[in-house]
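Enquirer: Let me see the structure of the following:
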Amino acid sequence: MPIEKQRKKLSGNPLRNNMERPTPHVQAVNRINTAISARRDEFVSQYRAGHMGRRALTYEPELDRGVYQTLKEHRHEGTAYEHVRNNLNGYTTFQVETFIGERLNVGLSQFRYDLRDGVMYGEGMTDPLIDMIARGKDCRDEVVHDVDKPRQQAEIEQFTKIQEVFGNPHADIGTTIVSISPPGGEGSAYVHNFYDVFVLSEDKDSKERYVAARRFASELCPEEYEQKAAELIPGFFTERTDESLDSYFLSHPLVLDATSNLSNNPEEIHAHFHKGKDFLSTEDFGEVKRQIAGLIVSYVNTLVETPEDDTLLKSTLNVIMRKADDVADSLRHPHRRAEVIASAPIAVPLSRGQMLEEGKKSVRQVTTGCGDSSAFETTDTRASNMATTFSMRDFGKDKLGNRVFDCPDCGEMNVRPVNELVNNCQNCGSDKVGC
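Expert: Numbering: from 1, shown residues only. Got it, this is the predicted structure:
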């Protein structure tokens, strides 16, 4: 998931469509959105100058903080402020959920893009999607290795082609595009392997067009992708020269017209590409989102109320990651699955002190296709920012190795004494413990 960016172009803003003279409310909304876009511009400039660090991260809380600080400056603008705040809160919630989904290698996620006058936008956003991606490329080009720069340019080419197809008012509903995103080459930061299926759709009531998208995890190797792509689009590789395979796939999305048997049928496309993948299901990810929903609300509320509280914001993200890891880990163990599903999510928000304390605990590091996902450094902890290699289950290590392990029989967690071994599971008594 790239750093989300926005530009100042407001021509696609639905609040202004078909209005020669915007109302005072619309003018105020546009003014606030323009200020937020300017703040994003400033963030990217600082990022490119190296002022935000030199490591490519999956999620950038500094950007959230800056955007909400700008929003707070307009808190006295009544309903216009509330309008922008509500849209921004929904977008931020989606971004955090997407960040967690990528971290957990969710096998399937669903999202949509709006289509306005033939231009694609992130759902509810005011700036064109391609502008946002271009900003991301400019920003990330400053921190990624050279091997990934052609790939990032290819992503812009990809969405330009997708928009050309879906933005055509004569395109048939059901037209489908498949975008293959294999891992990058040696030294690449893009390590995830997935493909996206985009379908031109239409709202039943309003008849407005939009793009429905679904992402599937994959285990196909490059040679298998080549075969699968050629089966769908004969001659698919005729334009390839010396560019890397991952860049070629991204810059050449597979377009299936509405008459194809696979069009408007992501599940059949998934069956065509699927090789078998041990991933978190959509259902299980829904459970993860249920369990972390209150924590995400706390994160968003902090952004709204005290965006300057950097320590609390980063601590909350650390707690969200650890909680999501805990739930996902339990869902994968039959003996713990029922218990976690039956449990209630956190109902009472943690106090600031509790959140800061929980935020100090170690977080599993994950390298995703968009950067590193691990603990954020806070001023109240000595933990390394985005560089820790410890799992939340590795907090106990001694000369014998990890002190924390799961019983192979009951699946429950055991914690052995320092520098001592145990003969039986501390929960069921099994002698098959592996410590």
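
Enquirer: Measure how buried Leu295 is and give me the count.
Expert: 24 (other CB atoms under 10 Å). C-beta: built from backbone N, CA, C; applies to glycine.

Enquirer: Assign a three-state SS to it, would you?
Expert: Of the three states, Leu295 takes helix under DSSP: H, G, I helix; E, B strand; the rest coil.

Enquirer: does it really touch Ile320, like I thought?
Expert: Yes - the criterion here is CB atoms under 8 Å, and Leu295 meets it with Ile320 at 4.8 Å.

Enquirer: okay, and the common contacts of those two?
Expert: With contacts taken as CB atoms under 8 Å, 6 or more residues apart in numbering, Leu295 and Ile320 have no neighbour in common.

Enquirer: hey, where'd the helices end up in the stretch 151-300 of the chain?
Expert: Using DSSP state H, counting those that start in this stretch, the helices found in the stretch 151-300 of the chain span residues 222-232, 245-251, 266-273, 282-305.

Enquirer: Compute the distance from the centre of the last one to the centre of its chain.
Expert: Going by CA atoms, centre = their mean, to the nearest Å, the spacing between the C-alpha centre of helix 282-305 and its chain's C-alpha centre is 14 Å.

Enquirer: With the shortest one instead?
Expert: Helix 245-251 has its average C-alpha position 21 Å from the chain's average C-alpha position, going by CA atoms, centre = their mean.

Enquirer: Mean confidence (pLDDT) on that helix, please.
Expert: Mean pLDDT, computed over helix 245-251, is 92.

Enquirer: Then stretch 376-394?
Expert: Averaging pLDDT along stretch 376-394 gives 37.

Enquirer: measure Ile36 to Met120 for me?
Expert: 20 Å (CB to CB, to the nearest Å).

Enquirer: now do Thr92
Expert: On the measure of CB to CB, Thr92 and Met120 end up 20 Å apart.

Enquirer: Quick check: Asn168 vs Arg209, distance?
Expert: 10 Å.

Enquirer: what residue ranges in the stretch 1-150 of the chain score low on pLDDT?
Expert: Applying pLDDT under 70 to the stretch 1-150 of the chain flags the ranges 1-20, 47-58, 105, 107-108, 140-145.

Enquirer: What ranges in the stretch 151-300 of the chain fall below the confidence cut-off?
Expert: The low-confidence ranges in the stretch 151-300 of the chain, as defined by pLDDT under 70, are 275-279.

Enquirer: change it to 80
Expert: Along the stretch 151-300 of the chain, segments meeting pLDDT under 80 span 186-192, 217, 219, 274-282.

Enquirer: just checking, Tyr121 is part of a strand?
Expert: Yes - under three-state DSSP, Tyr121 sits within a strand.

Enquirer: burial of it, as a residue count?
Expert: For Tyr121, the neighbour count with other CB under 10 Å is 23.

Enquirer: Contact partners for it?
Expert: Counting by CB under 8 Å, 6+ apart, Tyr121 makes contact with Gly12, Tyr113, Asp114, Leu115, Asp127, Pro128, Leu129.

Enquirer: The third one is in contact with Met120, isn't it?
Expert: Just to be clear, that refers to Asp114. Yes - if you go by CB under 8 Å, Asp114 and Met120 touch, sitting 7.2 Å apart.

Enquirer: These two: which is more packed in?
Expert: Higher neighbour count among Asp114 and Met120: Met120, with 23 against 18, using other CB under 10 Å.

Enquirer: I'd like the distance between the more buried one and His170.
Expert: Distance of Met120 to His170, computed by CB to CB: 17 Å.

Enquirer: quick one: the closest residue to Val197 other than its chain neighbours and His274, what's the gap?
Expert: Closest residue in space to Val197, ignoring its immediate chain neighbours: Pro266 at 4.2 Å, by CB to CB, 6 or more residues apart in numbering. From Pro266 across to His274, the span is 11 Å (CB to CB).

Enquirer: got it, and Asp242?
Expert: Distance, Asp242 to His274, by CB to CB: 31 Å.

Enquirer: Just want to know which of these two has more residues nearby.
Expert: Neighbours were counted for Asp242 and for His274 using other CB under 10 Å; His274 has more, 17 against 5.

Enquirer: My guess is the more buried one contacts Phe216. True?
Expert: Yes - with contact defined as CB under 8 Å, His274 reaches Phe216; the gap is 7.4 Å.

Enquirer: List the residues that contact the nearest residue to Lys161 once chain neighbours are set aside.
Expert: Closest residue in space to Lys161, ignoring its immediate chain neighbours: Pro253 at 5.9 Å, by CB to CB, 6+ apart. For Pro253, the contact set (CB under 8 Å, 6+ apart) comprises Gln158, Lys161, Ile162, Ile177, Val178, Ser179, Ile180, Phe198.

Enquirer: Not counting residues beside it along the chain, what's closest to Phe273?
Expert: Lys228 (5.6 Å).

Enquirer: show me the residues around that neighbour that make contact.
Expert: Taking CB under 8 Å, 6+ apart as the criterion, Lys228 is in contact with Leu220, His272, Phe273.

Enquirer: what's the neighbour count on Thr93?
Expert: 16.

Enquirer: these two touch, right, it and Leu303?
Expert: No - counting by CB under 8 Å, Thr93 stays clear of Leu303, with 10.5 Å between them.

Enquirer: Find the residues that touch each one of these two.
Expert: Counting by CB under 8 Å, 6+ apart, Thr93 and Leu303 have no contacts in common.

Enquirer: quick revisit: mind putting the contacts of Pro253 in TSV, neighbour count included?
Expert: Shown next, in TSV, are the contacts of Pro253 (neighbours: other CB atoms under 10 Å):
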residue	neighbour count
Gln158	23
Lys161	16
Ile162	23
Ile177	21
Val178	23
Ser179	22
Ile180	25
Phe198	24
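
Enquirer: Just the pLDDT at Glu308, thanks.
Expert: The predicted local confidence for Glu308 is 93.

Enquirer: Would you double-check that it falls in a strand?
Expert: No - applying three-state DSSP, one finds Glu308 to be coil, outside a strand.

Enquirer: Would you list the phi and psi of it?
Expert: Backbone torsions of Glu308, given as degrees, to the nearest 10, read phi -80, psi -10.

Enquirer: Is there a neighbour count for the closest residue in space to it that isn't next to it in sequence? I'd like the number.
Expert: In this structure, Glu308 finds its nearest non-sequential neighbour in Gln69, 6.6 Å apart by CB to CB, 6+ apart. Using other CB under 10 Å, Gln69 has 15 other residues around it.
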